[in-house]
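**Student:** My questions are about this predicted structure, shown below with the sequence.
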Amino acid sequence: MFHCKLPMNNRIKVAIVGAGGNGAQMAAGIAQISVAMQARGGLPLHVTIYDDDRVSTANVGRQLFSPADVGRYKSDVIAERTNWFYSMDWVSEPVRINQKEGRYSYTDFFRSDIVISAVDTAKSRLDIEQSFTDDRYKSLPTYILDVGNRTRTGQVVLGAIFRNKYQLPTLSLLYPEITDDDFQEQDQGPSCSLAEALQKQDLFVNRDVTTSALHILWDMISKRSIEYHGAFINLETMRRTPLKIDRATWLRMNPDIEQYLTED
């Protein structure tokens with residue numbers, strides 16, 4: 001059992017990086033979690049969505065967007081829709097996380113308690129993770145929940161970084177050999193139509209993968225403890241393999257991982 005250290009008397013700050021197939025599904029579930037926490041007497045989550053991509057016609061139907069959304073920033077659409085539907089105060093930042101100009105504020109991003117990494121490339125995943133390895137000013141760890149997929153498979157891995165050490169290993173720590181080649185199926189450029197997009201990703205792979213991620217997130221926030229910090233999903237075989245919170249398991253995946261982990 002791993003006990004999650006999250007703010008008790010303040011709103012939990014969540015950053016969703018990427019508002020496409022996985023990011024939009026995660027946003028919908030996170031809104032439900034926020035409503036559920038308020039129903040239990042807790043505070044709503046403070047959510048900021050980062051994505052500089054705009055809705056295309058190929059996104060309508062496979063991702064959670066309508067024809068009326070085409071041409072608008074995905075982050076704007078999701079934040080506006082959630083705020084209208086649930087009377088929340090979500091914030092949209094239509095930028096990339098490595099972009100320093102404009103409205104983007106590194107300060108707000110670094111203050112996140114939980115970061116949802118729903119991006120397309122290994123480089124983007126590493127950029128997000130490395131943003132927090134030097135964060136020495138927070139009294140609590142930053143949790144990075146990576147959600148990724150290929151055509152009919154996907155993975156969810158929750159990592160925890162505190163004072164330049166890992167309490168839970170991230171995806172890149174478990175798979176140090178990972179490269180952008182591993183995500184080519186996920187990031188194959190824009191599609192001109194929904195039919196073309198479905199040749200790259202199955203219609204419900206995002207929903208299947210994000211369901212596991214949302215279960216972990218719900219336990220983190222509502223119970224403040226988790227037994228597993230990830231899962232691997234295969235729609236071809238209909239198998240879901242949980243990732244144990246276990247040093248022996250981590251060492252089998254990466255024999256050099258011990259040097260990066262905290263003692264507790």
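**Tutor:** Thanks, I have it. Not measured: the values here are computed from a predicted model.
**Student:** Please count neighbours and contacts with C-alpha atoms only from this point.
**Tutor:** OK.
**Student:** Now find how far off-centre stretch 125-135 is within its chain.
**Tutor:** Distance, stretch centre to chain centre, for stretch 125-135: 14 Å (CA atoms, centre = their mean, to the nearest Å).
**Student:** Ignore what I typed, I meant stretch 55-73.
**Tutor:** From the chain centre to the centre of stretch 55-73 is a distance of 20 Å (CA atoms, centre = their mean).
**Student:** would you put the C-alpha positions of the longest strand along the chain in PDB?
**Tutor:** Identified as the longest strand of the chain according to DSSP state E is strand 153-162. Coordinates of the C-alpha atoms in strand 153-162 are reproduced here as PDB (Å, rounded to 0.1, in the frame of the first residue of the first chain):
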ATOM      1  CA  THR A 153      -2.800  -1.200 -26.700                       C
ATOM      2  CA  GLY A 154      -1.900   1.300 -24.000                       C
ATOM      3  CA  GLN A 155      -0.300   2.000 -20.700                       C
ATOM      4  CA  VAL A 156      -0.900   3.900 -17.500                       C
ATOM      5  CA  VAL A 157       1.900   4.700 -15.100                       C
ATOM      6  CA  LEU A 158       1.800   6.900 -12.000                       C
ATOM      7  CA  GLY A 159       5.100   8.300 -10.900                       C
ATOM      8  CA  ALA A 160       5.900  10.500  -7.800                       C
ATOM      9  CA  ILE A 161       8.800  12.900  -7.700                       C
ATOM     10  CA  PHE A 162       9.900  14.600  -4.500                       C
END
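**Student:** Which other helices and strands does the helix or strand following it contact?
**Tutor:** Tracing the chain past strand 153-162, the next element assigned as helix or strand by DSSP states H and E is strand 165-168. On a contact count with 3 or more CA pairs under 8 Å, 6 or more residues apart in numbering; DSSP states H and E, strand 165-168 meets strand 153-162.
**Student:** who's in contact with the strand it packs on?
**Tutor:** 132-133, 135-136, 140-149, 166-171, 205, 209-210, 212-213, 229-236, 243 (CA atoms under 8 Å, 6 or more residues apart in numbering).
**Student:** looking only at pLDDT, what's the mean for it?
**Tutor:** In this model, strand 153-162 has a mean pLDDT of 94.
**Student:** Test my guess that Arg96 contacts Ser75.
**Tutor:** No - using CA atoms under 8 Å, Arg96 makes no contact with Ser75, being 11.2 Å away.
**Student:** So which of the two has more stuff around it?
**Tutor:** The neighbour count for Arg96 versus Ser75, taken as other CA atoms under 10 Å, is higher for Ser75 (31 against 15).
**Student:** Surely that one and Ile49 touch.
**Tutor:** Yes - using CA under 8 Å, Ser75 makes contact with Ile49 at a distance of 5.6 Å.
**Student:** list residues touching both of these two?
**Tutor:** Ala19, Ser92, Glu93, Pro94.
**Student:** In a helix, the second one, correct?
**Tutor:** No - secondary structure of Ser92, determined by DSSP: H, G, I helix; E, B strand; the rest coil: strand, with no helix assignment.
**Student:** Might one say that it is in contact with Thr82?
**Tutor:** No - using CA under 8 Å, Ser92 makes no contact with Thr82, being 10.9 Å away.
**Student:** In terms of neighbours, single out the busier of those two.
**Tutor:** Ser92 (21 against 18).
**Student:** Enumerate every residue touching the more buried one.
**Tutor:** Here Ser92 is in contact with Thr48, Ile49, Tyr50, Ser75, Asp76, Ala79 (CA under 8 Å, 6+ apart).
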